[in-house]
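*Asks:* here is a sequence with its predicted model. Questions after.
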Amino acid sequence: MSGMHTIRVKGGFRNVSPEMVTLAAVAVVQFMVSLDLSVVNVGLPQIAAGLGFSAVGLTWVIHAYALTFGGLLLLGGKAADRYGRKRVLLLGLGLFGLASLLGGFAQEPGHLVAARAAQGIGAAALALLAVTFPTGRARVRASEYGAR
């Protein structure tokens, strides 16, 4: 029973494996990132009007995030291997949250683009699903559980 976490559920307590705790944390992070992308896409017209973005400049609100996130995803996984998954996840979440706050207070187009790039760097910590669950049955089960 070592390595198990006990959580309180209705009617008592339940033991949960560390992998399930990790899966839950990664699912919450993925939801947060997906929600961020949706909110930004819906708000693009208001962002353009409020900060004075040009049509070409407005695309950088999306692309700054996508380029840094996609470009650093493998590096996030390597950092998790080297420095510890929990540490990298918490650092990524902290950076993502701080960049979100700074993006909310942006007064110039460049400020928002820089904040979105920083969000992409923080979101690169999502490589944890691939390194936590090895290839084969465990990863398939984690993916199926997450899809429910």
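*Replies:* Received, thanks.
*Asks:* all the helices of this structure, in order from the start?
*Replies:* Under the criterion DSSP state H, the chain carries helices at the ranges 18-51, 55-83, 85-104, 109-123, 128-132, 137-147.
*Asks:* now, of those, which is deepest in the fold?
*Replies:* Ranked by mean neighbour count, the helices of the chain are led by helix 109-123 with a mean of 21 (mean count of other C-beta atoms under 10 Å). Every C-beta, even on glycine, is put in place using the N, C-alpha and C of the backbone.
*Asks:* and it, what does it pack against?
*Replies:* helix 18-51, helix 55-83, helix 85-104 (3 or more C-beta pairs under 8 Å, 6 or more residues apart in numbering; DSSP states H and E).
*Asks:* for Ala125, which of those helices is the nearest?
*Replies:* Taking C-beta to C-beta, helix 85-104 is the member of the helices and strands packed on helix 109-123 nearest to Ala125, at 2.7 Å.
*Asks:* which residues are contacting the closest one?
*Replies:* 22, 25, 29, 32-33, 36, 76, 79-80, 111-112, 114-116, 118-119, 121-126, 128, 131-132 (C-beta atoms under 8 Å, 6 or more residues apart in numbering).
*Asks:* could you list the low-pLDDT ranges of the chain?
*Replies:* Scanning the chain for pLDDT under 70 picks out 1-14, 126-136, 138-148.
*Asks:* spatially central residue for it, please.
*Replies:* Nearest residue to the geometric centre of the chain (C-alpha atoms, centre = their mean): Ala123, 3.9 Å.
*Asks:* could you dump the helices and strands packed on helix 109-123 into a markdown table and include distance to Arg137?
*Replies:* Formatted as a markdown table, these follow (distance: least, C-beta to C-beta, whole Å):
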| stretch | distance to Arg137 |
| --- | --- |
| helix 18-51 | 12 |
| helix 55-83 | 21 |
| helix 85-104 | 21 |
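*Asks:* circling back: I figured the residue nearest to the centre of the chain hits Val33, correct?
*Replies:* Yes - taking C-beta atoms under 8 Å as the definition, Ala123 is a contact partner of Val33 at 5.1 Å.
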